[in-house]
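Colleague: coordinates for the following, if possible.
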Amino acid sequence: MSEASDVGLLSDWVIRLRERGYALRIGIVRTWGQFTQSRLGVIGLAIITAISLMAIFAPVLAPHSLDWQAYGSNPTFDQAASLPHPPAFGDPFFAPLGTDSLGRGILTRLIYGSRTALFIGLAAGLLSSLVGVPLGVVSGYYNNTWVDETIQRVVDVMYGLPFLPLVIVLVFINGVTTTNIILGIVAKSWLNNAIVIRGQVLSLSERPFVEAAKASGASDFRIMWRHILPNVLPLGFIYLAQDAAFAILIQASLAFLGLSDFTAVSWGTMLQWIQVEGYIYTAPWWLFPPGLMIAFLAASFYFIGYSLEDVMNPGGHQ
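Modeller: Okay, here's the model as predicted:
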């Protein structure tokens, strides 16, 4: 009898699991269909996909290695005087986007720089969501308690600190590394996540399904994890995309100010180097490519966030 009961429970569990999986697939298909109706979203996704492929296959796509120099490590005086060199296609060397003042290929550094930009953007966006979303859920669920008050006072204090100067101080104190730059960006960027998610949770907490879960004796953790979090995750994805775009712009700003990990190739350091060398007005082949790549990648994340917001909140931009 007990074996038959166990088999029946297992069958019920399998059926429920299949039903949830089917509902999840239907939801994903429906969301994808709505998302692809937005031209901006499709453009943003196409740009990110192209840059991601460029980052993955950088050794294959780059015309040279990172240590390549146009005239080698010991150029003659005339050769050094010709640097930075405009685009060349085999005479005297192959550099489709020209070189910088040290003879390094702009296209090669542009391709490898996509790795740093994507890493910083995605890492900062993900960490901001991992900090802001849970704190927003907890703060909203325990509204008007000491837990909520503590989280909100921390948010108020952090909001009172100017963003860029704070990040500069944190990076300067802890050292100029890519990890510290990401942590410095996250120190402020999680705030919007927490505030918006808290407001959403305050609304969800009054819904009948939450009241029913409380009446059934479900623990606070179970209610937040199983009933509230799935309903705020779409909003979290929107802010993840926006935080990723913001992180890319902040990293480029820090690099331009000289606060960047110069052991890692990045588009921001390329702009900083041309500014230091004084070729901004005389070497456009060196200036425009990294600037355009920063703009394209940041815009693509914003496009995706904008389109996701349209999917989650139809008519919100009208």
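Colleague: contacts, neighbours, all on C-alpha from now
Modeller: Fine.
Colleague: which parts of the stretch 1-150 of the chain are strands?
Modeller: Under the criterion DSSP state E, counting those that start in this stretch, strands of the stretch 1-150 of the chain are mapped to 88-89, 94-95.
Colleague: mean neighbour count, the ones you listed: which tops it?
Modeller: strand 94-95 (a mean of 20; mean count of other C-alpha atoms under 10 Å).
Colleague: can you list contacts of stretch 293-305?
Modeller: The contact list for stretch 293-305 (C-alpha atoms under 8 Å, 6 or more residues apart in numbering) reads 40-45, 47-48, 51, 237-242, 244-246, 248-249, 252, 267.
Colleague: again, but for stretch 121-130
Modeller: Under C-alpha under 8 Å, 6+ apart, the answer for stretch 121-130 is 182-183, 185-186, 189-190, 193, 236-237, 239-248.
Colleague: make a PyMOL selection of the buried ones in those.
Modeller: The buried residues among those can be selected in PyMOL (16 or more other C-alpha atoms under 10 Å) with this line:
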select buried, resi 182+183+185+186+189+190+193+236+237+239+240+241+242+243+244+245+246+247+248
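Colleague: what about the contacts of stretch 121-130, which are in helices?
Modeller: If you go by DSSP state H, the contacts of stretch 121-130 have 182-183, 185-186, 189-190, 193, 236-237, 239-248 in helices.
Colleague: can you tell me how far the closest residue to Arg115 other than its chain neighbours is from Leu292?
Modeller: Distances taken as C-alpha to C-alpha, 6 or more residues apart in numbering place Ala55 nearest to Arg115, at 5.0 Å, with adjacent residues excluded. Ala55 sits at a distance of 16 Å from Leu292 (criterion: C-alpha to C-alpha, to the nearest Å).
Colleague: same drill for the two, tell me which one is more crowded.
Modeller: Using other C-alpha atoms under 10 Å as the criterion, Ala55 and Leu292 rank with Ala55 on top: 22 against 12.
Colleague: I'd assumed Ala117 was in contact with the more buried one.
Modeller: No - assessed by C-alpha atoms under 8 Å, Ala55 is found out of contact with Ala117, at 9.4 Å.
Colleague: show me what contacts the residue nearest to Arg115?
Modeller: Ile111, Tyr112, Gly113, Ser114, Arg115 are the contacts of Ala55 under C-alpha under 8 Å, 6+ apart.
Colleague: mind running it again at 10 Å?
Modeller: Thr49, Leu61, Leu110, Ile111, Tyr112, Gly113, Ser114, Arg115, Thr116, Ala117, Leu118, Phe119 (C-alpha atoms under 10 Å, 6 or more residues apart in numbering).
Colleague: and the furthest pair within these?
Modeller: Pairwise distances across the contacts of Ala55 peak at 18.8 Å for Leu61 and Phe119 (criterion: C-alpha to C-alpha).
Colleague: nearest approach to Thr36 belongs to which of the strands of the stretch 1-150 of the chain?
Modeller: strand 94-95 (37.3 Å).
Colleague: so what pairs up with Ala88 in the strands?
Modeller: On the basis of DSSP bridges, Ala88 is bridged to Ala95.
Colleague: poorly predicted segments of this protein, please.
Modeller: Residues of the chain meeting the criterion pLDDT under 70: 1-35, 312-318.
Colleague: centroid-nearest residue for it?
Modeller: Ala244 (2.4 Å; C-alpha atoms, centre = their mean).
Colleague: now for Phe288, how many residues are close by?
Modeller: Counted with other C-alpha under 10 Å, Phe288 comes out at 12.
Colleague: check contacts around it.
Modeller: Leu271, Ile280.
Colleague: quick check: which element contains it?
Modeller: Following DSSP states H and E, one finds Phe288 within helix 284-312.
Colleague: one step back: compare the contacts of Ala55 and tell me which is most surrounded.
Modeller: Ala117 (28 neighbours).
Colleague: distance check, that residue against Ile294.
Modeller: Taking C-alpha to C-alpha, one finds Ala117 at 8 Å from Ile294.
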